[in-house]
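Undergrad: Pasting the sequence and the predicted coordinates here, then a few questions.
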Amino acid sequence: MKTLYLMRHAKSSWEEPGVSDFDRPLVPRGGKKTQLMVDFLLKRNTTIDLMVSSPALRAFETAKLMAAGLNYPVNKIKTDRKIYDGYYDRILDIIYGTPNDVSSLMLFGHNPTITNLANLFLHPGIDEMTTSCIVCLSFNTDKWEEIPSQEAIQEFVVFPKMLK
């Protein structure tokens, strides 16, 4: 069984003049909503074998918060520019190329790409993954490269507003 977690980065700031899109930081509210998601995953006894984040600051900061909360070594978070670039087919390459000794993979990305990626597997799809939203899917296979031929099992779609 392979489990895939897709998470949109937490709420970030648009209000700092001169800061590029890539370098936008999280706002405090983003951290609080991410903590709600950490608590939700802890109640489900979630463990993550591999975390891969967009290298953009807001996504990587979200990944670090999630890692710290789930006792995943922060220094083991991988970054991949493909997640930031905005093409979900490139993110599929990351998923399908994940080593098979990894059972659970968590990706941290951006809209609209992360929602479009989730909707490849969700039926029916969702309109938008809000900030800090997580989609969890499982696949009845032992090989990540076999996911395209597998039916996705929707474990959950959770938005922070559901956890207040």
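TA: Sure, I can see it.
Undergrad: mean confidence for the helix ranked longest in the chain?
TA: What stands out as the longest helix in the chain, according to DSSP state H, is helix 28-43. Across helix 28-43, the average pLDDT comes to 95.
Undergrad: Strands along the chain, start to end?
TA: Under the criterion DSSP state E, the chain carries strands at the ranges 2-8, 50-53, 78-79, 104-109, 134-139, 153-158.
Undergrad: Any idea which of these gets closest to residue 85?
TA: Judged by C-beta to C-beta, the one of the strands of the chain that comes nearest to residue 85 is strand 104-109, at 10.1 Å. Yep, even glycine has a C-beta here, placed from its N, CA and C like the rest.
Undergrad: angle of the closest one against strand 134-139?
TA: 140 degrees (axes from the mean of the first three to the mean of the last three C-alpha atoms, to 10 degrees).
Undergrad: ok so, going back, which other helices and strands contact the longest helix of the chain?
TA: Contact analysis of helix 28-43 by 3 or more C-beta pairs under 8 Å, 6 or more residues apart in numbering; DSSP states H and E lists helix 57-69, strand 134-139 as its packing neighbours.
Undergrad: got the ones you listed as JSON lines, with mean pLDDT, mean neighbour count and distance to residue 164 columns?
TA: Shown next, in JSON lines, are those (pLDDT from 0 to 100; neighbours: other C-beta atoms under 10 Å; distance: least, C-beta to C-beta, whole Å):
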{"stretch": "helix 57-69", "mean pLDDT": "97", "mean neighbour count": "22", "distance to residue 164": "18"}
{"stretch": "strand 134-139", "mean pLDDT": "98", "mean neighbour count": "22", "distance to residue 164": "15"}
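Undergrad: Turn the ones you listed into JSON lines, including distance to residue 150.
TA: Conversion of those to JSON lines gives the following (distance: least, C-beta to C-beta, whole Å):
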{"stretch": "helix 57-69", "distance to residue 150": "25"}
{"stretch": "strand 134-139", "distance to residue 150": "4"}
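Undergrad: Give the closest residue to residue 143 in space, chain neighbours not counted.
TA: Spatially, and ignoring its direct neighbours in sequence, residue 143 is nearest to residue 100 (5.3 Å; C-beta to C-beta, 6 or more residues apart in numbering).
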